[in-house]
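> model the following, please.
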Amino acid sequence: DPQFAPLRRALAVWGLTADDIGILSFHGTSTGTNEENETHIWNVIFTTLSRTPGNAVPIMAQKSPLGHAKGGSAAWQAARLLQTVITGIIPRDRNSDNTDSHFQDKQYLMFPSITIHTDGIRASVMSSFGFGQVDGTALVVHPRYLFGALEPTYYEEYRKRNRVRGLQSYKATSEMMIKHSLVKIKEHPPYQGDMEGTVLLNSMARASFDPKTGKYSFQSKLATSPPIDAVNVKAVSEIFDANAFSETSPLGVGVDQELISSVPSHNRTFLARNFTGAEISYCRSQPSPPSSFAARWVGKEAVYKSLGVKSKGAAAAMKDIEILNGASGAPTVRLHGEAKAKASERGVSKVLISPSHS
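Prediction:
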(Lines give C-alpha, C1' and ligand atoms only; values in the text may rest on other atoms or scores of the structure.)
Protein backbone atom coordinates (compact mmCIF):
# COMPACT_ATOMS: atom_id res chain seq x y z
CA ASP A 1 0.00 0.00 0.00
CA PRO A 2 1.76 3.21 -1.14
CA GLN A 3 -0.01 5.11 1.64
CA PHE A 4 2.34 3.50 4.16
CA ALA A 5 6.10 3.92 4.25
CA PRO A 6 7.92 0.60 3.64
CA LEU A 7 9.82 0.93 6.92
CA ARG A 8 6.60 1.57 8.87
CA ARG A 9 4.97 -1.44 7.15
CA ALA A 10 7.90 -3.72 7.92
CA LEU A 11 7.85 -2.72 11.60
CA ALA A 12 4.07 -3.13 11.82
CA VAL A 13 4.28 -6.76 10.71
CA TRP A 14 5.92 -7.52 14.07
CA GLY A 15 3.78 -5.11 16.07
CA LEU A 16 6.59 -2.55 16.28
CA THR A 17 6.80 1.18 15.60
CA ALA A 18 9.55 3.70 14.90
CA ASP A 19 10.05 4.07 18.66
CA ASP A 20 11.25 0.45 18.83
CA ILE A 21 14.30 1.08 16.65
CA GLY A 22 17.14 0.86 19.17
CA ILE A 23 20.14 1.59 16.98
CA LEU A 24 20.93 3.02 13.55
CA SER A 25 24.04 1.88 11.70
CA PHE A 26 25.03 4.16 8.86
CA HIS A 27 27.90 5.13 6.61
CA GLY A 28 29.47 7.94 8.61
CA THR A 29 32.26 9.11 6.32
CA SER A 30 33.35 12.04 8.51
CA THR A 31 33.10 14.30 5.47
CA GLY A 32 31.10 17.48 5.58
CA THR A 33 28.82 16.72 2.65
CA ASN A 34 27.91 13.15 3.63
CA GLU A 35 27.47 13.87 7.33
CA GLU A 36 25.15 16.77 6.62
CA ASN A 37 23.04 14.80 4.13
CA GLU A 38 22.94 11.47 5.99
CA THR A 39 22.00 12.91 9.36
CA HIS A 40 19.43 15.21 7.76
CA ILE A 41 17.79 12.32 5.87
CA TRP A 42 17.46 10.09 8.93
CA ASN A 43 16.22 12.85 11.16
CA VAL A 44 13.51 13.57 8.56
CA ILE A 45 12.67 9.85 8.32
CA PHE A 46 12.15 9.50 12.07
CA THR A 47 10.13 12.71 12.07
CA THR A 48 7.91 11.36 9.28
CA LEU A 49 7.50 8.02 11.09
CA SER A 50 6.31 9.95 14.17
CA ARG A 51 9.05 8.79 16.52
CA THR A 52 8.54 10.29 19.96
CA PRO A 53 10.55 13.52 20.40
CA GLY A 54 13.34 13.02 22.92
CA ASN A 55 13.68 9.32 22.07
CA ALA A 56 16.99 9.67 20.21
CA VAL A 57 18.50 6.76 18.28
CA PRO A 58 22.13 5.83 19.05
CA ILE A 59 24.24 6.00 15.89
CA MET A 60 26.87 3.41 15.05
CA ALA A 61 29.08 4.85 12.30
CA GLN A 62 31.03 2.18 10.43
CA LYS A 63 33.29 4.07 8.03
CA SER A 64 36.07 4.97 10.44
CA PRO A 65 36.81 1.41 11.69
CA LEU A 66 36.14 -0.35 8.35
CA GLY A 67 37.29 2.11 5.72
CA HIS A 68 36.47 1.75 2.02
CA ALA A 69 35.97 -1.96 1.42
CA LYS A 70 33.19 -1.62 -1.17
CA GLY A 71 30.86 -4.64 -0.84
CA GLY A 72 32.81 -6.08 2.06
CA SER A 73 32.17 -2.95 4.10
CA ALA A 74 28.41 -3.53 4.06
CA ALA A 75 28.89 -7.19 5.05
CA TRP A 76 31.05 -6.27 8.03
CA GLN A 77 28.61 -3.53 8.95
CA ALA A 78 25.74 -6.04 8.93
CA ALA A 79 27.68 -8.53 11.07
CA ARG A 80 28.48 -5.81 13.59
CA LEU A 81 24.83 -4.74 13.74
CA LEU A 82 23.59 -8.32 14.21
CA GLN A 83 25.97 -8.75 17.15
CA THR A 84 24.63 -5.55 18.67
CA VAL A 85 20.99 -6.66 18.35
CA ILE A 86 21.71 -10.09 19.87
CA THR A 87 23.82 -8.82 22.79
CA GLY A 88 22.02 -5.54 23.41
CA ILE A 89 25.40 -3.81 23.67
CA ILE A 90 25.83 -0.67 21.56
CA PRO A 91 29.55 -0.07 20.86
CA ARG A 92 30.98 3.40 21.16
CA ASP A 93 32.13 5.28 18.09
CA ARG A 94 35.85 4.88 18.81
CA ASN A 95 37.04 7.86 16.81
CA SER A 96 34.35 10.24 18.01
CA ASP A 97 36.04 12.64 20.40
CA ASN A 98 33.56 15.44 19.80
CA THR A 99 30.28 15.97 17.97
CA ASP A 100 29.90 18.71 15.37
CA SER A 101 27.62 21.57 16.41
CA HIS A 102 25.75 21.16 13.11
CA PHE A 103 24.15 18.00 14.56
CA GLN A 104 22.45 19.78 17.44
CA ASP A 105 19.21 20.23 15.51
CA LYS A 106 19.00 16.47 14.77
CA GLN A 107 16.80 15.68 17.78
CA TYR A 108 16.31 12.02 16.85
CA LEU A 109 20.02 11.17 16.56
CA MET A 110 22.75 10.72 19.17
CA PHE A 111 26.41 9.76 18.77
CA PRO A 112 27.61 7.74 21.80
CA SER A 113 31.28 8.07 22.71
CA ILE A 114 30.95 5.33 25.36
CA THR A 115 29.60 1.78 25.12
CA ILE A 116 25.93 1.45 26.09
CA HIS A 117 24.59 -1.72 27.77
CA THR A 118 20.85 -1.74 27.03
CA ASP A 119 18.09 -3.96 28.42
CA GLY A 120 17.50 -5.31 24.90
CA ILE A 121 17.16 -4.06 21.34
CA ARG A 122 13.91 -4.84 19.54
CA ALA A 123 14.83 -3.57 16.09
CA SER A 124 17.63 -1.79 14.28
CA VAL A 125 18.25 -0.21 10.90
CA MET A 126 21.29 -0.39 8.65
CA SER A 127 21.94 2.11 5.89
CA SER A 128 24.89 1.43 3.61
CA PHE A 129 26.30 3.40 0.69
CA GLY A 130 28.55 2.15 -2.09
CA PHE A 131 30.33 3.50 -5.10
CA GLY A 132 28.24 4.74 -7.99
CA GLN A 133 25.44 5.98 -5.70
CA VAL A 134 24.46 2.39 -4.91
CA ASP A 135 22.88 2.20 -1.48
CA GLY A 136 20.34 0.25 0.51
CA THR A 137 18.50 0.14 3.83
CA ALA A 138 17.77 -2.98 5.89
CA LEU A 139 15.59 -3.43 8.96
CA VAL A 140 16.90 -5.98 11.46
CA VAL A 141 14.40 -7.32 14.02
CA HIS A 142 15.42 -9.35 17.07
CA PRO A 143 14.87 -13.06 16.28
CA ARG A 144 12.67 -13.57 19.31
CA TYR A 145 9.82 -11.96 17.38
CA LEU A 146 10.11 -14.62 14.69
CA PHE A 147 10.60 -17.49 17.15
CA GLY A 148 7.54 -16.34 19.09
CA ALA A 149 5.41 -16.59 15.95
CA LEU A 150 6.49 -20.17 15.12
CA GLU A 151 4.63 -23.32 16.08
CA PRO A 152 6.52 -25.13 18.89
CA THR A 153 7.16 -28.22 16.72
CA TYR A 154 8.52 -26.09 13.85
CA TYR A 155 10.72 -24.17 16.30
CA GLU A 156 12.21 -27.41 17.62
CA GLU A 157 12.96 -28.54 14.06
CA TYR A 158 14.59 -25.17 13.40
CA ARG A 159 16.79 -25.56 16.49
CA LYS A 160 18.05 -28.91 15.21
CA ARG A 161 18.86 -27.48 11.77
CA ASN A 162 20.53 -24.48 13.39
CA ARG A 163 22.67 -26.79 15.52
CA VAL A 164 23.83 -28.70 12.42
CA ARG A 165 24.71 -25.48 10.60
CA GLY A 166 26.59 -24.22 13.65
CA LEU A 167 28.73 -27.36 13.80
CA GLN A 168 29.44 -27.16 10.07
CA SER A 169 30.45 -23.53 10.43
CA TYR A 170 32.74 -24.36 13.37
CA LYS A 171 34.36 -27.18 11.38
CA ALA A 172 34.93 -24.98 8.32
CA THR A 173 36.42 -22.17 10.42
CA SER A 174 38.71 -24.59 12.26
CA GLU A 175 39.99 -26.06 8.98
CA MET A 176 40.69 -22.57 7.64
CA MET A 177 42.72 -21.71 10.72
CA ILE A 178 44.66 -24.99 10.63
CA LYS A 179 45.40 -24.83 6.91
CA HIS A 180 46.03 -21.07 6.93
CA SER A 181 43.30 -20.58 4.32
CA LEU A 182 41.14 -18.08 6.15
CA VAL A 183 41.75 -15.48 3.44
CA LYS A 184 41.24 -16.70 -0.11
CA ILE A 185 42.34 -14.46 -2.94
CA LYS A 186 39.99 -14.72 -5.91
CA GLU A 187 41.66 -14.37 -9.27
CA HIS A 188 38.49 -14.53 -11.33
CA PRO A 189 34.68 -14.33 -10.88
CA PRO A 190 32.69 -17.54 -10.24
CA TYR A 191 31.55 -17.67 -13.87
CA GLN A 192 33.14 -17.58 -17.29
CA GLY A 193 33.50 -14.21 -18.98
CA ASP A 194 30.71 -14.73 -21.50
CA MET A 195 28.28 -15.67 -18.69
CA GLU A 196 28.40 -12.34 -16.86
CA GLY A 197 25.14 -11.02 -18.33
CA THR A 198 23.45 -14.41 -18.04
CA VAL A 199 24.26 -14.61 -14.33
CA LEU A 200 23.73 -11.01 -13.26
CA LEU A 201 20.44 -10.57 -15.12
CA ASN A 202 18.94 -13.89 -14.01
CA SER A 203 17.33 -13.78 -10.57
CA MET A 204 17.15 -17.59 -10.60
CA ALA A 205 20.93 -18.03 -11.07
CA ARG A 206 22.52 -19.95 -8.19
CA ALA A 207 26.12 -20.96 -7.61
CA SER A 208 26.88 -24.60 -6.76
CA PHE A 209 29.71 -26.01 -4.67
CA ASP A 210 32.44 -28.05 -6.36
CA PRO A 211 33.97 -30.42 -3.79
CA LYS A 212 37.03 -30.98 -6.02
CA THR A 213 38.08 -27.33 -6.03
CA GLY A 214 36.37 -26.32 -2.80
CA LYS A 215 34.82 -23.34 -4.58
CA TYR A 216 31.40 -22.13 -5.68
CA SER A 217 30.72 -21.43 -9.35
CA PHE A 218 27.87 -20.93 -11.80
CA GLN A 219 27.31 -23.75 -14.25
CA SER A 220 26.58 -23.19 -17.93
CA LYS A 221 22.99 -24.42 -17.59
CA LEU A 222 21.06 -22.14 -15.22
CA ALA A 223 17.43 -22.18 -14.20
CA THR A 224 15.41 -19.49 -15.96
CA SER A 225 11.94 -19.96 -14.44
CA PRO A 226 10.81 -20.52 -10.83
CA PRO A 227 9.66 -24.02 -9.83
CA ILE A 228 5.91 -24.52 -9.65
CA ASP A 229 4.46 -26.45 -6.74
CA ALA A 230 1.81 -28.62 -8.38
CA VAL A 231 1.45 -31.17 -5.58
CA ASN A 232 -2.23 -30.38 -4.95
CA VAL A 233 -3.28 -29.63 -8.53
CA LYS A 234 -4.53 -33.16 -9.23
CA ALA A 235 -6.51 -33.42 -5.99
CA VAL A 236 -8.14 -30.00 -6.42
CA SER A 237 -8.95 -30.72 -10.07
CA GLU A 238 -10.66 -33.98 -9.11
CA ILE A 239 -12.74 -32.20 -6.47
CA PHE A 240 -13.90 -29.58 -8.95
CA ASP A 241 -14.61 -32.21 -11.61
CA ALA A 242 -16.71 -34.23 -9.17
CA ASN A 243 -18.62 -31.31 -7.63
CA ALA A 244 -18.53 -28.64 -10.31
CA PHE A 245 -22.28 -28.51 -10.77
CA SER A 246 -23.56 -30.22 -7.63
CA GLU A 247 -25.75 -28.59 -5.01
CA THR A 248 -22.89 -28.67 -2.50
CA SER A 249 -20.35 -26.93 -4.72
CA PRO A 250 -19.20 -23.46 -3.61
CA LEU A 251 -20.89 -20.52 -5.31
CA GLY A 252 -18.10 -18.08 -4.55
CA VAL A 253 -14.71 -17.67 -2.87
CA GLY A 254 -13.50 -14.57 -1.06
CA VAL A 255 -10.00 -13.77 0.19
CA ASP A 256 -8.74 -10.73 2.09
CA GLN A 257 -5.73 -9.74 4.17
CA GLU A 258 -4.68 -6.70 6.20
CA LEU A 259 -1.98 -5.63 8.59
CA ILE A 260 -3.27 -5.93 12.15
CA SER A 261 -2.12 -2.37 12.82
CA SER A 262 -4.17 -1.02 9.89
CA VAL A 263 -7.50 -2.08 11.45
CA PRO A 264 -8.53 0.75 13.86
CA SER A 265 -9.83 -1.52 16.63
CA HIS A 266 -9.15 1.26 19.14
CA ASN A 267 -11.84 3.41 17.49
CA ARG A 268 -15.19 2.90 19.25
CA THR A 269 -17.17 4.32 16.33
CA PHE A 270 -15.50 1.86 13.95
CA LEU A 271 -16.29 -1.07 16.25
CA ALA A 272 -19.90 -0.05 16.82
CA ARG A 273 -20.47 0.36 13.08
CA ASN A 274 -18.89 -2.91 11.94
CA PHE A 275 -19.10 -5.41 14.82
CA THR A 276 -21.99 -6.83 16.84
CA GLY A 277 -21.99 -6.70 20.63
CA ALA A 278 -21.18 -10.41 20.80
CA GLU A 279 -18.19 -9.99 18.48
CA ILE A 280 -16.85 -7.05 20.48
CA SER A 281 -17.17 -8.94 23.77
CA TYR A 282 -15.39 -11.98 22.35
CA CYS A 283 -12.51 -10.04 20.79
CA ARG A 284 -11.92 -7.98 23.92
CA SER A 285 -11.68 -11.17 25.98
CA GLN A 286 -8.83 -12.55 23.86
CA PRO A 287 -5.08 -12.24 24.67
CA SER A 288 -4.62 -9.90 21.69
CA PRO A 289 -7.86 -7.99 20.98
CA PRO A 290 -6.36 -6.08 18.00
CA SER A 291 -5.48 -9.40 16.33
CA SER A 292 -8.95 -10.83 16.92
CA PHE A 293 -10.69 -7.72 15.59
CA ALA A 294 -8.41 -7.68 12.53
CA ALA A 295 -9.08 -11.38 11.79
CA ARG A 296 -12.85 -10.81 11.92
CA TRP A 297 -12.62 -7.65 9.87
CA VAL A 298 -10.83 -9.35 6.98
CA GLY A 299 -13.19 -12.29 7.39
CA LYS A 300 -16.16 -9.98 6.83
CA GLU A 301 -14.44 -8.50 3.78
CA ALA A 302 -13.82 -12.00 2.38
CA VAL A 303 -17.45 -13.02 2.92
CA TYR A 304 -18.60 -9.83 1.21
CA LYS A 305 -16.41 -10.63 -1.79
CA SER A 306 -17.59 -14.24 -1.96
CA LEU A 307 -21.21 -13.09 -2.35
CA GLY A 308 -20.25 -11.32 -5.57
CA VAL A 309 -22.25 -8.17 -4.85
CA LYS A 310 -21.30 -4.68 -6.02
CA SER A 311 -19.06 -2.89 -3.55
CA LYS A 312 -20.29 0.20 -1.70
CA GLY A 313 -16.73 1.24 -0.92
CA ALA A 314 -15.59 2.53 2.44
CA ALA A 315 -19.15 3.58 3.33
CA ALA A 316 -20.35 -0.03 3.62
CA ALA A 317 -20.95 -1.20 7.20
CA MET A 318 -20.00 -4.79 8.00
CA LYS A 319 -22.31 -5.38 10.95
CA ASP A 320 -24.65 -7.53 8.82
CA ILE A 321 -21.88 -10.12 8.63
CA GLU A 322 -21.30 -11.63 12.08
CA ILE A 323 -18.45 -14.05 12.81
CA LEU A 324 -18.66 -15.97 16.08
CA ASN A 325 -17.23 -19.23 17.37
CA GLY A 326 -19.55 -22.24 17.32
CA ALA A 327 -19.90 -24.97 19.93
CA SER A 328 -16.83 -26.74 18.55
CA GLY A 329 -14.75 -23.58 18.72
CA ALA A 330 -14.64 -23.17 14.93
CA PRO A 331 -15.67 -19.75 13.57
CA THR A 332 -19.13 -19.59 11.99
CA VAL A 333 -20.75 -16.89 9.87
CA ARG A 334 -24.20 -15.48 10.51
CA LEU A 335 -25.74 -13.15 7.97
CA HIS A 336 -28.27 -10.42 8.77
CA GLY A 337 -30.11 -7.71 6.88
CA GLU A 338 -28.88 -6.89 3.39
CA ALA A 339 -26.07 -9.47 3.49
CA LYS A 340 -28.59 -12.22 4.24
CA ALA A 341 -30.86 -11.00 1.43
CA LYS A 342 -28.01 -11.01 -1.10
CA ALA A 343 -27.00 -14.52 0.00
CA SER A 344 -30.59 -15.75 -0.44
CA GLU A 345 -30.71 -14.27 -3.94
CA ARG A 346 -27.66 -16.33 -4.90
CA GLY A 347 -28.91 -19.45 -3.15
CA VAL A 348 -26.22 -19.36 -0.45
CA SER A 349 -27.34 -21.26 2.63
CA LYS A 350 -24.01 -21.66 4.43
CA VAL A 351 -20.71 -19.74 4.53
CA LEU A 352 -17.46 -21.42 5.52
CA ILE A 353 -14.57 -19.31 6.79
CA SER A 354 -11.02 -19.92 7.97
CA PRO A 355 -9.41 -16.78 9.51
CA SER A 356 -5.84 -16.59 10.77
CA HIS A 357 -3.50 -13.95 12.16
CA SER A 358 0.06 -13.66 13.43
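
> and this protein, what are its domains?
Per the record's domain assignment (automatic domain parsing), the chain is made up of the domains 6-147, 185-219, 253-346.

> flag the shaky bits of the chain, pLDDT-wise.
In the predicted model, the chain carries pLDDT under 70 at residues 1-3, 29-33, 64-71, 129-135, 236, 239-240, 242-251, 309-317, 358.

> can you pull out the strands in it?
Listed in chain order, the strands of the chain (DSSP state E) span residues 21-26, 57-61, 89-90, 109-110, 116-117, 123-129, 135-141, 208-210, 215-217, 321-325, 331-335.

> distance between the ends of stretch 214-228?
31 Å (Cα to Cα, to the nearest Å).

> so which bits of it are buried?
Buried residues in stretch 214-228, defined by neighbour count with 16 or more other Cβ atoms under 10 Å: residue 218. (C-beta placed from N, C-alpha, C; glycine too.)

> so what's the gap between it and the chain middle?
The chain centroid and the centroid of stretch 214-228 are separated by 27 Å, computed with Cα atoms, centre = their mean, to the nearest Å.

> do the same with stretch 201-214
Counting by Cα atoms, centre = their mean, stretch 201-214 is centred 27 Å from the centre of its parent chain.

> what does it contact?
By Cβ atoms under 8 Å, 6 or more residues apart in numbering, the residues outside stretch 201-214 that reach it are 190, 198-199, 215-219, 222-226.

> buried residues in it?
Within stretch 201-214, the residues that count as buried by 16+ other Cβ under 10 Å are residue 205.

> that one spans what distance, first to last residue?
Across its full length, stretch 201-214 reaches 26 Å end to end, with Cα to Cα as the criterion.

> okay if I get the domains of the chain as TSV plus distance to residue 353?
Compiled in TSV, the domains of the chain are given as follows (distance: least, Cβ to Cβ, whole Å):
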stretch	distance to residue 353
domain 6-147	23
domain 185-219	36
domain 253-346	5
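
> run a quick neighbour tally on the closest residue to residue 306 other than its chain neighbours.
Leaving out its chain neighbours, the residue that sits closest to residue 306 by Cβ to Cβ, 6 or more residues apart in numbering is residue 254, at 3.3 Å. If you count neighbours by other Cβ atoms under 10 Å, residue 254 ends up with 17.

> again with the one 5 residues further on
Residue 259 is surrounded by 14 other residues when neighbours are defined as other Cβ under 10 Å.

> now do residue 352
The burial count assigned to residue 352 is 12, neighbours taken as other Cβ under 10 Å.

> now do it against residue 337, distance only.
21 Å (Cβ to Cβ, to the nearest Å).

> and residue 111, what does it touch?
Under the criterion of Cβ under 8 Å, 6+ apart, the contact list for residue 111 reads 58, 59, 61, 93, 96, 99, 103.

> between these, which is closest to residue 181?
Sorting the contacts of residue 111 by how near they are to residue 181, with Cβ to Cβ, puts residue 61 at the top with 32.3 Å.

> quick one: the residue nearest to residue 306 and residue 300 touch, right?
No - under the criterion of Cβ atoms under 8 Å, residue 254 is not in contact with residue 300, lying 9.7 Å apart.

> angles on the backbone of residue 220, please.
When read as degrees, to the nearest 10, the backbone of residue 220 gives phi -70, psi -30.

> and the closest residue to it other than its chain neighbours, how many residues sit next to it?
Here the nearest residue to residue 220 in space, its sequence neighbours aside, is residue 195; by Cβ to Cβ, 6+ apart that works out to 7.2 Å. Neighbours of residue 195 under the rule other Cβ under 10 Å: 18.

> one more: residue 118?
Residues contacting residue 118 under the criterion other Cβ under 10 Å number 13.

> next: residue 51.
A total of 20 residues lie near residue 51 under the criterion other Cβ under 10 Å.

> and the helices in the stretch 101-250 of the chain?
Per DSSP state H, counting those that start in this stretch, the stretch 101-250 of the chain carries helices over the ranges 144-149, 152-178, 196-200, 233-243.

> can you give me how far the third one is from the chain middle?
Read it as helix 196-200. Average the C-alpha atoms of helix 196-200, do the same for its chain, and the two points are 29 Å apart (Cα atoms, centre = their mean).

> show residues contacting it.
Surrounding helix 196-200, the residues in contact under the criterion Cβ under 8 Å, 6+ apart are 189, 191, 205, 218, 222.

> show me what counts as buried in that helix.
Counting neighbours by 16+ other Cβ under 10 Å, helix 196-200 gives residue 199 as buried.

> ok, stretch 346-358 next?
Applying a neighbour-count criterion of 16+ other Cβ under 10 Å, the buried positions in stretch 346-358 are 348, 351, 353, 355.

> about what we covered before: which of the contacts of residue 111 sits closest to residue 276?
Distances from residue 276 to those, taken as Cβ to Cβ, are shortest for residue 58 (47.4 Å).

> okay, and the beta partners of that closest one?
Residue 58 has these beta-bridge partners by DSSP bridges: residue 110.

> and it, what does it touch?
22, 23, 24, 90, 110, 111, 112, 116 are the contacts of residue 58 under Cβ under 8 Å, 6+ apart.
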